[in-house]
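# Can you look at this prediction? I've put the sequence above it.
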Amino acid sequence: MKEKIENLIKSALQNLEIEEVVFAVENPSDINNGDYSTNVAMVCAKKIGKNPKELALSVKELIEKNLPEDIEKIEVAGTGFINFYLSKKYFKSILKKIIEEKNEWGRNTLNYNKKILVEHSSPNLFKPFHIGHLMNNTIGESIVRLAKYSGANVTTMTFPSDISLGIAKAVFILLEKIKDGPIDVDNEIVEYGNAYVEGTRRYDEDESIHNRVKEIADNLYSQKPSDEWDMFTKCKAINISYFERITNRLGSKFDSYIYESEAGIVGSEIVEDNTPKVFTKSEGAIVYIPDESRKDINTSVFINSQDNPTYEAKDMGLLSLKFNKYQPDISIFITDNQQISHFEVVLDAAKKINPIWSEKSFHVHHGRMSFKGEKMSSRLGGVPVAEELLNAVGEDITKRSADLENEILDIIAIAAIKFTILRAAAGKDINFDPETSLSFEGDSGPYLQYTTVRSFSLIEKAKEVGLIPSLEKASSEITNLEKILEKFPGVVERSTLDWSPHHVVGYLLFLAQSFNSWYANTKIIDKENPETPYNLSLTQAVAQTLKNGLYLLGIKTPEKM
RNA sequence: GCGCCCGUAGCUCAACGGAUAGAGUACUUAUCUUCGGAAUAAGUGAUGUGGGUUCGAUUCCUGCCGGGCGCACCA
């Protein structure tokens, strides 16, 4: 439809002998200003020395001479906007499309047949899956779904951090601990988390253990058979299954794992092969010094003076592994925005090794969550762990409605949390206060779910009394709901173009509010009303659209709630 | 100090250079013997500050004020 309108305008401009200009056709934010709107007259007016309103009127007249039946009317408004109002017939065809396409409704072809690799949720072994991971997972999963909806062939990947000095510290503690007896199997994850925290503390306080910890680190990096290597591999397996359990609960699956330990090996080789071409030896380490023109990034160490790869080299190795394995057309990776400059350095260096690595990579960065005002860091302990938060939210939901099944309870709790994360543009920090951030009323995940569930159940209820949705007898009036439904694919496209799920959130809220408002003023199941079948179709289209939108956010629609 | 990002109702967030800056929450009211009240309707309330570019600036540029993050062997 947008293209259609653009073409109408272009041919009108030709008739007026105005040379081509860049103009916009968009959905006005206020639906009273038409279904589509263009600023073409304002853009051209000055160029040709004419009043924008007059110009708009002549464009309008020209288009009206041969008006397609999809368009009902055209108006000139404001300082020279040309607003297009679509016809009932067109909206009716949209409803038909929604009902026929079901879960496919809203898809686009922006990335048709492209290979997209999305890396997200990367866990740190030995550290619990905390709220920062939850945030990363929520945004990542939504981007995965947007990518799928845009016709891409999507591969999901995660990059567990399985090797570091910090992990060596944890292994040091665990080896000490098993001397006193075996680790409590029921509490393994907690024990490992504590070991990590304890290791960090001991290392800072007690210099005498530094040599031993470094030795452990060396053995882990070189995969040398030893007690520490055995301990490490055992912990790794348990941590990964823990990770799979929690991400599965959240609705994510990963096609592939690339471990930091693998990436470190590959990264080290790449760095060594490209020294001194790209990298420079300095003070026993190998560093990357950016060109003079890149004053915004800093010199960084890739291989430290102990000969171990740093995070930078590991990410270089990761690029190589990713592109060799998958040849993605777009490689998206999601991290918090503390890492922006880190990746700028890595990608700048990567550009000199294989330009494709940098050209096809796209960094989505999100803010951090502060919890009751306190910064979160699992290394220091006392961090809100994702599962604890989910369970706490679940309890609040139980207080509200006691008889929900556990599965539905979890679906609602996840929706409440994911909504809070996705409603804001990624990149901003979220000030997470469980008291206010996690409401179930008003703008909230459960509100959207509730509206969806209720609208689906209306259709069922109508069936029981013999009323079936049908588009045959439509009122001549065009409802706001029809206008809003028509916008859904455009909103999805916009979210896909800048990988920003929050546009979908805003849209769904608007749709749900409009539906609820209509619902409050319309008796939908009404045997006396000849428009009832049409209203039921409308309800069905709303329910489907809400459901599809929630899917894109990684939020499930429960059967009932 | 250098670099990047951010300042919008009391609070949490929107606004792809466009039309009267939208929501929720809180507060004040109203609807409701209901097709599922996790609802609906109404009211109060905001672009940190000074310039500039533009037909038009919350949005772009710039000065100031305030905040966050990053800056050599952590991840």
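Now that the structure is in, tell me what you want to look at. Residues are numbered from 1 along each chain as shown, chains lettered A, B, ... in the order given.
# does any bit of the helix ranked longest in chain A sit next to RNA strand B?
The residue-count maximum for a helix in chain A (DSSP state H) belongs to helix A:227-250. No. Contact between helix A:227-250 and RNA strand B is absent, the nearest approach being 13.6 Å (criterion: CB under 7 Å from any atom of the strand). For every residue, glycine as well, the C-beta is placed using N, CA and C.
# pLDDT on the helix or strand just after that helix, on average?
Where DSSP states H and E defines the elements, the next helix or strand beyond helix A:227-250 is strand A:256-257. Taken as a whole, strand A:256-257 has an average pLDDT of 96.
# which residues sit against strand A:256-257?
The contact list for strand A:256-257, computed with CB atoms under 8 Å, 6 or more residues apart in numbering, reads A:155-160, A:240, A:325.
# Strand partners (parallel or antiparallel) of it?
Counting by DSSP bridges, the strands paired with strand A:256-257 are strand A:153-158 (parallel).
# which other residues reach the strand it pairs with?
A:113-123, A:144, A:147-148, A:243, A:252-258, A:322, A:326, A:328.
# From those residues, list the buried ones, please.
Buried subset of the contacts of strand A:153-158 (neighbour count, 16 or more other CB atoms under 10 Å): A:115-123, A:144, A:147-148, A:243, A:252, A:254, A:258, A:322, A:326, A:328.
# for A:Asp403, helix, strand, or coil?
Classification of A:Asp403 using DSSP: H, G, I helix; E, B strand; the rest coil returns coil.
# For the closest residue to RNA strand B within the stretch 101-250 of chain A, which residues are in contact?
With CB to the nearest atom of the strand, the shortest gap between the stretch 101-250 of chain A and RNA strand B falls at A:Ser164, namely 3.0 Å. A:Ser164 is in contact with A:217, A:260, counting by CB under 8 Å, 6+ apart.
# Recalculate using a threshold of 10 Å.
A:124-126, A:170, A:217, A:220-221, A:260-261, A:264, A:308, A:310-311, A:314 (CB atoms under 10 Å, 6 or more residues apart in numbering).
# In helices, which of those fall?
Here DSSP H is the test, and the contacts of A:Ser164 give A:170, A:217, A:220-221, A:260-261, A:264, A:311, A:314 as lying in helices.
# Flag the least confident of those residues.
Across the ones in helices among the contacts of A:Ser164, the bottom pLDDT score, 86, is held by A:Tyr221.
# how near is it to A:Glu207?
Computed with CB to CB, to the nearest Å, the distance linking A:Tyr221 and A:Glu207 is 22 Å.
# neighbour-wise, which of those two wins?
Legend: neighbour count by other CB atoms under 10 Å for A:Tyr221 and A:Glu207, higher for A:Tyr221 (20 against 8).
# just checking, the more buried one touches A:Ala168?
Yes. Using CB atoms under 10 Å, A:Tyr221 is in contact with A:Ala168, at 8.9 Å.
# contacting residues for the residue in the stretch 201-350 of chain A that RNA strand B sits nearest to?
Going by CB to the nearest atom of the strand, RNA strand B is nearest to A:Asn304 of the stretch 201-350 of chain A, at 2.1 Å. A:Asn304 makes contacts with A:165, A:284-287, A:310, A:313, as judged by CB under 10 Å, 6+ apart.
# So what's the residue count around A:Asn521?
A:Asn521: 7 surrounding residues under other CB under 10 Å.
# gap between A:Val43 and A:Ile131?
Distance of A:Val43 to A:Ile131, computed by CB to CB: 46 Å.
# need the next SSE after the helix or strand of chain A with the lowest mean pLDDT, C-terminal direction.
When the helices and strands of chain A are scored by mean pLDDT, DSSP states H and E, helix A:434-437 comes last with a mean of 67. Using DSSP H and E, the helix or strand that follows helix A:434-437 in sequence is helix A:445-464.
# by contact count, what packs against that following helix?
On a contact count with 3 or more CB pairs under 10 Å, 6 or more residues apart in numbering; DSSP states H and E, helix A:445-464 meets helix A:406-422, helix A:502-521, helix A:532-552.
# Which among those is found nearest to RNA strand B?
Closest to RNA strand B of the helices and strands packed on helix A:445-464, according to CB to the nearest atom of the strand: helix A:502-521, at 3.3 Å.
# Quick one: list the elements packing against that closest one.
Judged by 3+ CB pairs under 10 Å, 6+ apart, helix A:502-521 is in contact with helix A:131-149, helix A:406-422, helix A:445-464, helix A:480-486, helix A:488-497, helix A:532-552.
# just to revisit the earlier point, kindly reformat the ones in helices among the contacts of A:Ser164 as CSV and extend each row with distance to A:Lys351.
Listed next are the ones in helices among the contacts of A:Ser164 as CSV, based on distance: CB to CB, whole Å:
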residue, distance to A:Lys351
A:Ala170, 36
A:Ala217, 31
A:Leu220, 31
A:Tyr221, 27
A:Glu260, 22
A:Ser261, 25
A:Gly264, 21
A:Tyr311, 18
A:Lys314, 18
